[in-house]
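>>> The sequence isn't on hand, but the structure is:
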DNA sequence: TATTGTTATACTCTATAACTATA
DNA sequence: TATAGTTATAGAGTATAACAATA
């Protein structure tokens, strides 16, 4: 067993996430919550089950998260006109503002960190971003090969 | 406000962490727990307060995490011979084995994901790993420049 | 007095199981 | 029967405040 890229990448991801999380807890918008808001903004209203699948949460977990977001007036539930069982979750104006604010806060934390690196390192990170984005977008359940 | 590297990097990190977390929950070893075990292995026994600082957790939070790890026989507490107030946390043999197992599981998840990328993307990620490692190692409290 | 660690308490986040309503 | 969503319940994880013991 040698040191694979995955083995090197993993602790780094954990550490970065912990740094990000601790920087801006005042907003009260967790990373999953933020991901949901972001998705609602870019894709429009979405179903609970779809959000759960895409964000890799359980359906009850997503119900509860949406409940918290609704109580904070960041989203609202509207009935799905095409399926009486379903619910569409929609971003409110407040949710849109909160999304912008929180995302900017988290981004600023990372940019501050990046600013401590030298130019070569910054360039290496920037060059890897599209690849990392594709890495994160690998569909759920995709095994190795 | 344009799209900074931090703004692009942030959602990717969140998504990757969620992927990693959901891949191998059976171990019961969280990412922070894993980071602590890893540190104990590489640096030897450490103080609660030191672990809390390095892993960016509160001191009570670290006490509780160490308590969970101790209950699972992954670490043990020994008195600090140089300071009656202090405690040294030490990895057990079981903890070392669990660390190897869990780290391998998480790494395999990431490597499987990486294997779905094309060669250029994989190279870009590999090239960025040292920079990302330095990014994650920026000391706590270091503001932007 | 300051530091180290623990206990008490509360909250967020998430999961599984059981349930309701619609398809 | 299958699917969409909710409720009930439990547990991990983490924080702040208050405390005990040692320096």
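That came through, no problem. This structure is a prediction, so every number in the text was calculated from the model and none was measured. Residues are numbered from 1 along each chain as shown, chains lettered A, B, ... in the order given.
>>> residues touching the most centrally placed residue in chain A, list them.
In chain A, the residue lying closest to the centroid (CA atoms, centre = their mean) is residue A:35, at 2.8 Å. With contact set as CB atoms under 8 Å, 6 or more residues apart in numbering or on different chains, residue A:35 has these partners: A:55, B:11, B:14-15, B:18. C-beta coordinates here come from the backbone N, C-alpha and C atoms, glycine included.
>>> Spell out which parts of chain A neighbour DNA strand C.
A:28-30, A:32-33, A:56-58, A:60-61, A:64-65, A:68, A:83-85 (CB under 7 Å from any atom of the strand).
>>> just those residues that are near DNA strand D?
A:60, A:64, A:83, A:85.
>>> ok, now how distant is residue A:130 from chain B?
8 Å (CB to the nearest CB, to the nearest Å).
>>> name the element that residue belongs to?
Assessed by DSSP states H and E, residue A:130 sits inside helix A:119-136.
>>> so how far is that helix off the chain centroid?
Taking CA atoms, centre = their mean, to the nearest Å, one finds helix A:119-136 lying 18 Å from the centre of the chain it belongs to.
>>> what would the contacts of residue A:35 look like in TSV with secondary structure and neighbour count?
TSV is the format used below for the contacts of residue A:35 (DSSP: H, G, I helix; E, B strand; the rest coil; neighbours: other CB atoms under 10 Å in any protein chain shown):
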residue	secondary structure	neighbour count
A:55	coil	20
B:11	helix	19
B:14	helix	23
B:15	helix	22
B:18	helix	19
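>>> Show me which of those is closest to residue A:22.
residue B:14 (14.3 Å; CB to CB).
>>> Give me the distance between residue A:83 and residue B:116.
Counting by CB to CB, to the nearest Å, the gap from residue A:83 to residue B:116 is 33 Å.
>>> Looking at those two, which one has more neighbours?
residue B:116 (17 against 10; other CB atoms under 10 Å in any protein chain shown).
>>> What distance do you get for that one to residue B:72?
Distance, residue B:116 to residue B:72, by CB to CB: 33 Å.
>>> cool, residue A:94 as well?
43 Å.
>>> Between those two, which is the more surrounded one?
residue B:72 (15 against 12).
>>> what about the strands in chain A?
A:46-47, A:75-79, A:87-91 (DSSP state E).
>>> ok so, going back, let's see which of the ones next to DNA strand D among the residues of chain A next to DNA strand C end up in helices.
A:60, A:64 (DSSP state H).
>>> Neighbour-wise, give me the winner out of the ones next to DNA strand D among the residues of chain A next to DNA strand C.
That'd be residue A:64 among these, by other CB under 10 Å, with 12 neighbours.
>>> Least confident secondary structure element in chain A?
helix A:5-23 (a mean of 88; mean pLDDT, DSSP states H and E).
>>> Determine whether any part of that one lies close to DNA strand D.
Yes - interface with DNA strand D: helix A:5-23 contributes A:18, A:22 (CB under 7 Å from any atom of the strand).
>>> quick one, that helix and helix B:119-136 angle?
40 degrees (axes from the mean of the first three to the mean of the last three CA atoms, to 10 degrees).
>>> Figure out how far helix A:5-23 is from the centre of its chain.
Using CA atoms, centre = their mean, the offset of helix A:5-23 from its chain centre is 15 Å.
>>> Packing partners of it?
helix A:31-43, helix A:93-114, helix B:5-23, helix B:31-43, helix B:93-115, helix B:119-136 (3 or more CB pairs under 8 Å, 6 or more residues apart in numbering or on different chains; DSSP states H and E).
>>> how far off helix A:5-23 does the second one point, in degrees?
With the same axes, to 10 degrees defining the directions, helix A:93-114 sits at 120 degrees from helix A:5-23.
>>> Sweet, I'm off.
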